[in-house]
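>>> prediction below, plus the sequence it came from.
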Amino acid sequence: MKIKHQLTIFNAITRLLVILVLWMMLPVLVEKVVYKHINKSLLEKKQKFIEHLDKKEINDFIVRNDSTETYASFSTLHSEFLQLSRLPINSEVDKTVFINEPRIIEEEKSDYRILQYQFLYEKTRYQLEIGSSLSEVEELTFTIRFFVLIVLVIILLVTFLMDIFYIEYLLKPFYKIIDTKIRRINEPDTFDHTPINSHSADFQELDMVLNQMMNRISELFKKEKQFIANVSHELLTPIALLKNKFENLLQNDSLNDSAIDKIASSLKTLDMLKRVINNLLLISRIENHQYESNETINLGELLTDLHEDLKDRMDEKELTFTMNLQYDFQFIGNKTLIHILLYNLMVNAIKYNKKNGSIIIIDGFLDSNYFLSVSDTGIGMNENQIDQIFNRFSRIDANEEGNGLGLAIADSIALFHHIIIEVTSKLDEGTTFRLRFPNNEKLNK
């Protein structure tokens, strides 16, 4: 998962947790705010009642219909009530408390927020109760919670979208570094050292360090390539001298058969060593871009010529060759190198094929890219072997002849021409090499 997605998900989860906490705390917060408002209203009503209190008013409130000596007054909708009652002589005075409790008014039970105030008036103790219904509070709490929930969800969605765009903008230099400086770079010489524009000091430092690292790698690559080229050239001279001396020795009539066999074996070894050095030189020249790539190449013609050249080797194994090309594809590159690439793939298909097997060459298009595939019915490879086949001096079968450089050369040539080589293989069923060409080539159908 990309870091931008991880950051977006983390921010979304964090906000969800905050919303959940607020949602759980909201009833308590609303209750405190509403109760504070009700308490203030009840205190104001109490104050007005006390300010206008006189003996006549008390007598009007207190009607001795029973022993309670209590008078109660309530609103039509039962949302408020006022109750005044006498207290025993030993009761406390100047005491105000707030309580919540249910009251039955006209046979209707409701919860009320009640202010209880005990006071002394003309040597008589009274208790004043002013109540406000809590049914509206519950409705208000539900309304507020619903409204806050909608607001929080909208905030979550808006901030989620803002996070996506902002994180995308913030990480844009990072992905630009990946795309332009790493992913599309096949070798250090083609690395783009242009600084990446970024408002983040971290990405600027990353870009600078990456440029410095690639400079060092480029220098090391140049030294390695130059070393290989120099060593190869230096080795070719003594090999040529040794070969010349061995060939002269073979002209000596005094040599017995055993000495002749040893000299012939030595010449064979020198020839193999020379081929290895020439192949290494070829790889070095390809990697150093010492070849031109401006020739128009017809792949069908090349494959036809290769079939004629390799027909004897195919006949030795009684192989069936099938070439079914639907397109007359013309590729811009180096004809000699492409010939070597296809030759190595064909030789590989012959070498590791079974007797009476077959070689099939087809073409087509995949994701708008032209492809050419070379398939055989040979011994096949496992996954570990597939991962190693393009390494230098790597061979599928150690008993087979060769120096293990054929596919390494093919890989270097493909990289030079921006061709992608894809390999699929199954043991005892065969192998397919598919060449995917860049889509900027000419096609005649």
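In hand now; what should we look at?

>>> tell me where the stretch 101-250 of the chain has helices.
135-170, 172-177, 201-250 (DSSP state H, counting those that start in this stretch).

>>> list the contacts of the shortest one.
Put plainly, it is helix 172-177. With C-beta atoms under 8 Å, 6 or more residues apart in numbering as the test, helix 172-177 has contacts from 196-198, 200, 203, 206-207, 210. From N, CA and C alone the C-beta is placed, and that goes for glycine too.

>>> among these, who's most crowded?
Tallying neighbours with other C-beta atoms under 10 Å puts D207 at the head of those, with 21 neighbours.

>>> can you tell me the closest non-neighbouring residue to that one?
Leaving aside its sequence neighbours, D207 sits nearest to I196 (C-beta to C-beta, 6 or more residues apart in numbering; 4.6 Å).

>>> residue contacts, that neighbour?
The contact partners of I196, taken as C-beta under 8 Å, 6+ apart, are 173, 176-177, 180-181, 203-204, 207.

>>> show me the helices in the stretch 301-445 of the chain, by range?
Counting by DSSP H, counting those that start in this stretch, the stretch 301-445 of the chain has these helices, from start to end: 335-351, 383-388, 406-416.

>>> so can I have CSV of the ones you listed showing distance to L270?
Supplementary listing: the helices of the stretch 301-445 of the chain in CSV, determined by distance: least, C-beta to C-beta, whole Å:
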stretch, distance to L270
helix 335-351, 22
helix 383-388, 28
helix 406-416, 20
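
>>> between these, which one is nearest to K311?
Closest to K311 of the helices of the stretch 301-445 of the chain, according to C-beta to C-beta: helix 335-351, at 10.4 Å.

>>> show me which residues of that closest one are buried.
335, 337-346, 348-351 (16 or more other C-beta atoms under 10 Å).

>>> that one - contacts with which helices or strands?
strand 295-298, helix 299-316, strand 358-366, strand 369-376, helix 406-416, strand 430-436 (3 or more C-beta pairs under 8 Å, 6 or more residues apart in numbering; DSSP states H and E).

>>> same question for that helix, mean pLDDT?
For helix 335-351, mean pLDDT is 91.

>>> what's in contact with it?
282, 286, 291, 293, 295, 297, 299, 302-303, 306-307, 309-310, 313-314, 317, 319, 331, 359, 374-376, 378, 400, 402, 406-407, 409-410, 413-414, 416-417, 419, 431, 433, 435.

>>> from the chain's centroid, how far away is that helix?
How far helix 335-351 lies from its chain's middle: 38 Å, per C-alpha atoms, centre = their mean, to the nearest Å.

>>> could you give the angle of it to strand 358-366?
Going by axes from the mean of the first three to the mean of the last three C-alpha atoms, to 10 degrees, helix 335-351 is angled at 130 degrees with respect to strand 358-366.

>>> circling back to that earlier point, what's the PyMOL line that selects buried ones from the contacts of helix 335-351?
Buried residues within the contacts of helix 335-351, by 16+ other C-beta under 10 Å, are selected in PyMOL with:
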select buried, resi 282+286+293+297+299+302+303+306+310+314+319+331+359+374+375+376+378+402+406+407+409+410+413+414+416+417+419+431+433+435
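
>>> just the contacts of helix 172-177 now: which is nearest T143?
Nearest to T143 among the contacts of helix 172-177, with distances taken as C-beta to C-beta, is S200, at 45.0 Å.

>>> quick check: the closest one vs Q6, distance?
Using C-beta to C-beta, to the nearest Å, one obtains 18 Å as the distance from S200 to Q6.

>>> how about the helices of the stretch 301-445 of the chain, which one is nearest Y35?
Nearest to Y35, of the helices of the stretch 301-445 of the chain and by C-beta to C-beta, is helix 383-388 at 71.5 Å.

>>> tell me what the closest one is packed against?
Counting contacts by 3+ C-beta pairs under 8 Å, 6+ apart, helix 383-388 is packed against strand 420-426.

>>> pairing partners for the strand it packs on, with directions?
strand 430-436 (antiparallel) (DSSP bridges).
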